[in-house]
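A.B. asks: Take this sequence and fold it.
(one chain, ligands or ions: 1)
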Amino acid sequence: MVRFLLALTLTPGAALAQTAQPAPKLVVAISVDQLSADLFAQYRAHFTGGFKRMSEGVVFPNGYQSHSATETCPGHSTILTGVRPARNGIIANSWIDLGAARTDKTVYCAEDERVAGSTSKAYMVSAYHLKVPTLGERMKAADPRVRVVAVAGKDRSAVMMGGHRVDQLWYWSGKSFEGSAIGTPARAVTRANAETAARIARGDKPLPLSPLCALRSQPMVAGTVAIGTGRFERAAGDARAFRYTPALDEATIALAGDIAEEARLGRGPQTDVLIVGAAGTDYIGHGFGNSGSEMCLQLQALDSALATLFARLDKAKIDYVAMLTSDHGGADASVRDNDRGLPGAETIDPALTPTKLGEAVAAELGLPAPLLYGTDPAGDVYIDRAVTGPARDKVIARAKARYLAHPQVAGVFSAADIAATPAPDLPPENWTLAQRARASYAPGRSGDLIVLLKPYVTPIAAPGPGYVATHGSAWDYDRRVPVLFWRRGLRGFEQPASVETVDIAPTLAAIVGFPLPAGEIDGVCRDLDAGAATTCR
Ligand code: ZN
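C.D. replies: Presented below is the predicted three-dimensional model:
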């Protein structure tokens, strides 16, 4: 319709001038792990750096990771593929393969278990399980000069956004940045590792509290953990604590900028891709919840680190389009929710774990235990493969009945239920629970049952150090994320209606001039032009 109007009202020359902006030289795709739409809204007015710049571009405050398995790996798998987990294969961070030849039946999303000796805990990092190409891969296939660089605080974030063929792929391994490169690894990596090792060895003094963060500093106790007033003081040599501080994102983003500079990304005739996975917000959300001084200090530090990255690209006079989103949202620690007007927040009943519920069903039906398997207290639940035929149907019926009788369970879906669920024809906020589950359900890989908990029931049975709050539910506090675009000269606007993170890849693809084949993706291009012209070509 927009094009039709243009044809009527403008001369072809004028229409061309409005629509055919040259492709940017660089796509900067940033994921801030666990940056919920709620968290972004809470801090938006206070940002002064990189987040502020993104907020002045095209803002979709109501983006959806529309599926029910709101975890890191599925979330990152949607961002640059344009494909939901049901079709791209990344149904969870980890899943169970009871038919696996190895003893370890858990499969990590970013491993290649065909490699001898790989386990879900000590694995070969790989994009093997991602069944579709990323935007960067498609761009490289069309033009071999295109370079794709992915730098992240987590291996799975770098892998799922980078894809199967990445020029440089680096992630924080817990002690250093590790990864791989086609050709010579960047010298910047060696330098970053030396600097980070020195910083870890030195320790960190507590960060000063800004006036904003002082307002949010309020002590709480979650299980055995003191939260709410943290300032990231870190003992000399404590490498484990490093990732629970803003320094992780500072190091990650600085490395991304260094590699971009060293590899001269965005300075050739082609469009390159720089992917940044900032994991700190997620670690800090898990470790301290999202409403204390800790999250405040983290977001202010990240705001500043992103500003530095953008300033470097500006200084190099690179025409780049920046996109910022998140892999999922997140909930606060239950104890703080209970103290702050949400008395219903509760922890999961341990009787609901696949092991415990499986024991109950096994006893009822006279079957041997263990009967049910899962990597998490809810989500994908797998039935012992030895149970077949009518006995298996009975297990499904009895397990469903037991789950549904429990006051903390919102829904349980078998493979047959999912298969009978129609594709959604409404925006993601209106999807049924079954439709949310369907969006991250891949037959043959997903559980025999998908168990979804009620809102504000946390799967954390006992909060401990590093784990007082989480995400992963089918509810909007975990599904809603901001989706932001910025390019110099692009007039900003805000579109409050919901969009999906699978819309990001086709939107960026159109801007760089590689429209994605509609049948191969689940998302749609979103027009970033504020006026009558369109960026969706
Ligand atoms: Zn995450």
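A.B. asks: With adjacent residues omitted, what lies nearest to the spatially most central residue of the chain?
C.D. replies: By Cα atoms, centre = their mean, the chain has its centre lying nearest to Asp327, at 1.9 Å. Using Cβ to Cβ, 6 or more residues apart in numbering and skipping the chain neighbours, the partner closest in space to Asp327 is Gly75 (2.7 Å). (C-beta placed from N, C-alpha, C; glycine too.)
A.B. asks: didn't that neighbour look like it was pressed against Val502?
C.D. replies: No: in this structure, Gly75 is not within contact of Val502 by Cβ atoms under 8 Å, at 11.1 Å.
A.B. asks: More neighbours: these two, which one.
C.D. replies: Applying other Cβ atoms under 10 Å to Gly75 and Val502 shows that Gly75 carries more neighbours, namely 32 against 27.
A.B. asks: what's the average pLDDT for the helix or strand hosting that one?
C.D. replies: Using DSSP states H and E, Gly75 sits within helix 72-79. Across helix 72-79, pLDDT averages out at 98.
A.B. asks: anything in it near the ion?
C.D. replies: Yes: judged by Cβ under 5 Å from the ion, helix 72-79 and the ion are in contact via Thr72.
A.B. asks: Identify all contacting residues around the helix or strand following that helix.
C.D. replies: Using DSSP H and E, the helix or strand that follows helix 72-79 in sequence is helix 85-88. Residues outside helix 85-88 that contact it (Cβ atoms under 8 Å, 6 or more residues apart in numbering) are 67, 69, 74, 77-78, 81, 91, 130-132, 438-442, 522.
A.B. asks: Does the residue in the stretch 351-500 of the chain that the ion sits nearest to belong to a helix, a strand or coil?
C.D. replies: Evaluated by Cβ to the ion, the stretch 351-500 of the chain has His471 as its residue closest to the ion, separated by 6.9 Å. Secondary structure, DSSP: H, G, I helix; E, B strand; the rest coil: His471 is coil.
A.B. asks: what do you get for Leu342?
C.D. replies: Relying on three-state DSSP, one would call Leu342 coil.
A.B. asks: Tell me how many other residues crowd it.
C.D. replies: 14.
A.B. asks: ok, it - contacts?
C.D. replies: Per Cβ under 8 Å, 6+ apart, neighbours of Leu342: Tyr456.
A.B. asks: if we go to 6 Å?
C.D. replies: With Cβ atoms under 6 Å, 6 or more residues apart in numbering as the criterion, no residue contacts Leu342.
A.B. asks: Please state the backbone phi and psi of it?
C.D. replies: phi -130, psi 70 (degrees, to the nearest 10).
A.B. asks: Could you do Val409 as well?
C.D. replies: Note on Val409: backbone dihedrals following degrees, to the nearest 10 are phi -100, psi 130.
A.B. asks: So the residue nearest to it when sequence neighbours are not counted: helix, strand or coil?
C.D. replies: Once flanking residues are discounted, Val409 sits nearest to Tyr403: 4.8 Å by Cβ to Cβ, 6+ apart. The three-state assignment at Tyr403 reads helix, by three-state DSSP.
A.B. asks: Now do the same contact list for Tyr403.
C.D. replies: Residues in contact with Tyr403 (Cβ under 6 Å, 6+ apart) are 409, 412, 451.
A.B. asks: what about 10 Å?
C.D. replies: Neighbouring residues of Tyr403 by Cβ atoms under 10 Å, 6 or more residues apart in numbering: 352, 357, 361, 378, 381, 409-412, 449, 451-453.
A.B. asks: neighbour-wise, which of the residues you listed leads?
C.D. replies: Each of these was scored for neighbours by other Cβ under 10 Å, and Val451 scores highest at 28 neighbours.
A.B. asks: could you say which helix or strand contains that one?
C.D. replies: strand 449-453.
A.B. asks: for that strand, what is the average pLDDT?
C.D. replies: 98.
A.B. asks: who does it touch, helix- and strand-wise?
C.D. replies: Using 3 or more Cβ pairs under 10 Å, 6 or more residues apart in numbering; DSSP states H and E, the elements in contact with strand 449-453 are helix 354-365, strand 379-383, helix 389-405, strand 409-414, helix 415-419, helix 433-439.
A.B. asks: Dump these into CSV; add mean pLDDT and distance to Leu426 as well.
C.D. replies: Formatted as CSV, the helices and strands packed on strand 449-453 follow (pLDDT from 0 to 100; distance: least, Cβ to Cβ, whole Å):
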stretch, mean pLDDT, distance to Leu426
helix 354-365, 98, 32
strand 379-383, 98, 24
helix 389-405, 98, 25
strand 409-414, 98, 18
helix 415-419, 98, 18
helix 433-439, 98, 9
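A.B. asks: For Gly117, find the nearest of those.
C.D. replies: strand 379-383 (24.0 Å; Cβ to Cβ).
A.B. asks: ok, back up a step: between which two of the contacts of Tyr403 is the distance greatest?
C.D. replies: Using Cβ to Cβ, those span at most 19.6 Å, a distance reached by Val361 and Ala410.
A.B. asks: residues touching Gln218, list them.
C.D. replies: Counted by Cβ under 10 Å, 6+ apart, Gln218 has contacts 227-229, 291-293, 336, 339-340.
A.B. asks: Ala275 and Val151 touch, don't they?
C.D. replies: Just so we're on the same page, residue 275 is Ile rather than Ala. Yes: using Cβ atoms under 10 Å, Ile275 is in contact with Val151, at 7.1 Å.
A.B. asks: Tell me which of these two has more neighbours.
C.D. replies: Legend: neighbour count by other Cβ under 10 Å for Ile275 and Val151, higher for Val151 (33 against 30).
A.B. asks: Could I get the phi/psi values of the more buried one?
C.D. replies: The phi/psi pair for Val151 (degrees, to the nearest 10) is phi -130, psi 130.
A.B. asks: Please report the distance of it from Phe177.
C.D. replies: Separation of Val151 from Phe177 (Cβ to Cβ, to the nearest Å) stands at 8 Å.
A.B. asks: who touches both of those two?
C.D. replies: Counting by Cβ under 10 Å, 6+ apart, the residues touching both Val151 and Phe177 are 170-171, 186, 188-189, 192, 251-252, 255.
A.B. asks: Give the helix, strand or coil label for the nearest residue to Arg491 once chain neighbours are set aside.
C.D. replies: Leaving aside its chain neighbours, Arg491 sits nearest to Ala530 (4.3 Å; criterion: Cβ to Cβ, 6+ apart). Here Ala530 takes the coil state, with states given by three-state DSSP.
A.B. asks: What's the local residue count around Pro496?
C.D. replies: 8.
A.B. asks: swap in the one 10 residues further on?
C.D. replies: For Pro506, the neighbour count with other Cβ under 10 Å is 23.
A.B. asks: Verify the contact between Val83 and Met160 for me.
C.D. replies: No: with contact defined as Cβ under 10 Å, Val83 does not count as touching Met160 (11.1 Å).
A.B. asks: Now the common contact residues for these two.
C.D. replies: Residues touching both Val83 and Met160 (Cβ under 10 Å, 6+ apart): 77, 90, 130, 134.
A.B. asks: pretty sure the second one belongs to a strand, no?
C.D. replies: Read it as Ile90. No: per three-state DSSP, Ile90 lies outside any strand segment and is coil.
A.B. asks: Please shift the residue numbers so they start at 38 in all later answers.
C.D. replies: New numbering, starting at 38: the last item is Ile127.
A.B. asks: Look up the closest residue to it, ignoring the ones flanking it.
C.D. replies: Ser114 is the one closest to Ile127 (Cβ to Cβ, 6+ apart), at 3.7 Å.
A.B. asks: hmm, which two among the shared contacts of Val120 and Met197 are most spread apart?
C.D. replies: Longest span within the shared contacts of Val120 and Met197, Cβ to Cβ: Ile127 and Thr171, 11.8 Å.
A.B. asks: Please say which of these two ends up with more neighbours.
C.D. replies: Ile127 (35 against 31).
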